[in-house]
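Asks: Turn this into a structure:
(chains A and B)
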Amino acid sequence: MVEAVDSGSKPLLSPDGIRTDGRKIDEMRKVKMEVGLLKNCSGSAYIEQGKTKIIVAVHGPREAHPKHLAQPGRAILRTRYHMAPFSTSDRKSPAPSRREIEITKVIREALEPAVMLDEFPKTSIDVFIEVLQADAGTRSAGITAAALALAEAGIPMRDMVAAVAVGKLEGRVVMDLNEEEDEHGQADMPVAMMPNVNRITLLQLNGRLTRAELEEGLSMARRGVDQLYEMQKQALREKYTSSESAQEED
Amino acid sequence: MNIIAKHRQLVTPGDLVAEGKFRAGQNVIKLNGDRFYATVLGSFEIKDRDTLSVRALRGPYIPRRGDKVIGKVVDISMGSWTVDIRAPYEATLPAGRFPARINPVFDDIRKFMGADDFVYAEIAEFDRARPPILDATLNREYGLIKQGVVIEVEPTRVPRIIGKKGSMIQLLNRELGSQITVGQNGRVWVRAPSPEAVSNTVSTIRLIEAEAHTQGLTSRVEERLKTLKNASQKIATENKE
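Replies: Numbers count the residues shown, from 1 in each chain, chains lettered A, B, ... in the order given. Presented below is the predicted three-dimensional model:
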């Protein structure tokens, strides 16, 4: 860490609503998405959200191993959220930490309602989320990229899933915190949604929000999710640009 | 009754394709009342006026009874082979369904087919509750693959490689002098008179696979075959001189 920030001397939000990185309160960081960049898996995706960089690979549906994990009527969804040792400024031990195990679980639960698992009984679908560079919002960016990789793998889904974090700085609700804001802000609330079905699949809150702030945060997250969803569709289409034109009958 | 997506338009999971009284076909679900959504990335199609479906661009191979597939032997037990058919489930080929007289008590079935061998067969039984069972006796062309090259392609692109009623295969066979067998599971068996013909056939199949979702594919393949033919003739005349 460079220096200890005294939140009194250096405000995270200027009086006219500009944040330390120059963004407005409801402005998301710059997002870049790409699909199909890995060869040895069924589907893959890469996302950059500000300085956060994540790659996701999906395997399956394939036979579940060990066999006793297989469910007779549906596929099992397995996830792994992992941070690379070089993803943070201090080396992160490559062994899964308590935090990563928890995030693995919440990401699985955020994706499960969308994936049509009953189409592939006795199989497993494995999602590997590898954080290459962490700058806050890794679980939400991980979910957004995981949904993209699942779609690219051709696994049927009821809806896409996109996620963004909202937070509170200097008493104001803001969109998509970066590392500095996450560390010194007053609240951090990641939200994952299925945009068409209009359901929340992940909602966590670190810090305190009043009821009014929570509601404001949720509607702000909804706007963020809508933006991300459009970008997801764009990324999937871009991979097959020429297919916008009609397809011949076989 | 309101169709939102155009026929053959590229749709992504969660795209609203139509509202009203329709029927949900492949890869389309009905949610939020009378709203129909796509579940995969693919091209949207309306069949029989009211059936909505999406043809997936990518995806796993799901076995269906009667599919002709090319499998790879991964394990051998007393009376059967375990065969990888690139599906989420491993298939079984019982010795009694192999086109040879095998007495499982006296014969070692390894004599007929070993690990990593390719076999052309048909899916005889599959109901998702049990692993698929293959049969290689239903047709004379089935059995162990002894010669040629087997390549893997995306299973969702198989219909384009076959073409309308096998037109694409016929085109390749005619122009390159090769013999191609396409398994529904995305494995293609290529036999050709010369190594050059094999590599030309394989590269043309790769072209079809890469551009399976585009229009005017047949004419581009024809063009490519023409240039390949000219190139080989040139070499042949040079060799004569």
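Asks: shaky segments in chain B?
Replies: B:241 (pLDDT under 70).
Asks: ok, residue B:224 touching residue B:201?
Replies: No. Residue B:224 lies out of contact with residue B:201 (CB atoms under 8 Å); the separation is 11.4 Å. No exception for glycine: its C-beta is placed from N, CA and C like everyone else's.
Asks: neighbour count winner among those two?
Replies: Applying other CB atoms under 10 Å in any protein chain shown to residue B:224 and residue B:201 shows that residue B:201 carries more neighbours, namely 27 against 16.
Asks: Tell me if that one really is in a helix.
Replies: Yes. According to DSSP: H, G, I helix; E, B strand; the rest coil, residue B:201 belongs to a helix.
Asks: excluding its backbone neighbours, what's nearest it?
Replies: residue B:178 (4.4 Å; CB to CB, 6 or more residues apart in numbering or on different chains).
Asks: Which parts of chain B are helices?
Replies: Taking DSSP state H as the test, the helices found in chain B are B:158-162, B:167-176, B:195-210, B:217-240.
Asks: Kindly reformat the ones you listed as CSV containing distance to residue A:20.
Replies: What follows is the helices of chain B, written out as CSV (distance: least, CB to CB, whole Å):
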stretch, distance to residue A:20
helix B:158-162, 52
helix B:167-176, 59
helix B:195-210, 46
helix B:217-240, 53
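Asks: Go through the ones you listed and pick out the most buried.
Replies: helix B:158-162 (a mean of 20; mean count of other CB atoms under 10 Å in any protein chain shown).
Asks: Would you agree residue B:85 is in contact with residue B:61?
Replies: Yes. With contact defined as CB under 8 Å, residue B:85 and residue B:61 form a contacting pair (7.2 Å).
Asks: Can you work out which residues contact both of those two?
Replies: Common contacts of residue B:85 and residue B:61, defined by CB atoms under 8 Å, 6 or more residues apart in numbering or on different chains, comprise residue B:185.
Asks: between these two, which one's more packed in?
Replies: Using other CB under 10 Å, the more surrounded residue of residue B:85 and residue B:61 is residue B:85, with 28 against 20.
Asks: just wondering, since we're on that one, how far is it from chain A?
Replies: 12 Å (CB to the nearest CB, to the nearest Å).
Asks: what does residue B:162 give?
Replies: Applying CB to the nearest CB to residue B:162 and chain A gives a distance of 7 Å.
Asks: Might one say that that residue is in contact with residue B:169?
Replies: Yes. If you go by CB under 8 Å, residue B:162 and residue B:169 touch, sitting 5.9 Å apart.
Asks: who touches both of these two?
Replies: By CB under 8 Å, 6+ apart, the residues touching both residue B:162 and residue B:169 are residue B:182.
Asks: contacting residues for residue B:193?
Replies: Contact partners of residue B:193, counting by CB under 8 Å, 6+ apart, are B:177, B:178.
Asks: Count the residues that sit near the residue lying closest to residue A:106 once chain neighbours are set aside.
Replies: Once flanking residues are discounted, residue A:106 sits nearest to residue A:202: 5.8 Å by CB to CB, 6+ apart. Residues within reach of residue A:202, counting by other CB under 10 Å, total 18.
Asks: quick one: the single nearest residue of chain A relative to chain B from residue A:35, how far?
Replies: Closest contact between chain A and chain B, by CB to the nearest CB, is at residue A:154 (2.8 Å). Distance of residue A:154 to residue A:35, computed by CB to CB, to the nearest Å: 12 Å.
Asks: And residue A:119, by the same measure?
Replies: 21 Å.
Asks: So if I had to pick from these two, which one is more boxed in?
Replies: residue A:35 (25 against 18).
Asks: what are the phi and psi values for the more buried one?
Replies: Here is the backbone geometry of residue A:35 (degrees, to the nearest 10): phi -120, psi 160.
Asks: Outline the domain layout of chain B.
Replies: Domain assignment for chain B, taken from automatic domain parsing, gives B:2-56, B:68-146, B:150-237.
Asks: any idea how far the last one is from the chain center?
Replies: So that's domain B:150-237. With CA atoms, centre = their mean, to the nearest Å as the basis, domain B:150-237 stands 13 Å off its chain's centre.
Asks: So the residue nearest to residue A:106 belongs to a helix, correct?
Replies: No. The assignment for residue A:202, made by three-state DSSP, is strand rather than a helix.
Asks: ok, now how distant is it from residue B:43?
Replies: From residue A:202 to residue B:43 the distance is 31 Å (CB to CB).
Asks: Apart from its neighbours in sequence, what residue is nearest residue A:138?
Replies: Nearest to residue A:138 is residue A:131, by CB to CB, 6+ apart, at 5.0 Å.
Asks: nope, residue B:90 is what I meant
Replies: In space, residue B:90 is closest to residue B:82, 5.5 Å off (CB to CB, 6+ apart).
Asks: With residue A:100 instead?
Replies: Nearest non-adjacent residue to residue A:100, counting by CB to CB, 6+ apart: residue A:81, 5.5 Å away.
Asks: that's a strand at that neighbour, yeah?
Replies: Yes. Using three-state DSSP, the assignment for residue A:81 is a strand.
Asks: quick one: contacts for it?
Replies: A:100, A:103, A:104, A:107, A:129, A:131, A:138, A:139, A:142.
Asks: Of these, which belong to strands?
Replies: A:129, A:131 (DSSP state E).
Asks: What about the contacts of residue A:81, which are in helices?
Replies: Per DSSP H, these map to helices at A:100, A:103, A:104, A:107, A:138, A:139, A:142.
Asks: Output the below-cut-off pLDDT ranges for chain A.
Replies: Ranges of chain A meeting pLDDT under 70: A:1-9, A:241-250.
Asks: ranges for the helices of it?
Replies: Counting by DSSP H, the helices of chain A are A:98-111, A:138-152, A:179-184, A:211-239.
Asks: so which of those gets nearest residue B:173?
Replies: helix A:211-239 (31.6 Å; CB to CB).
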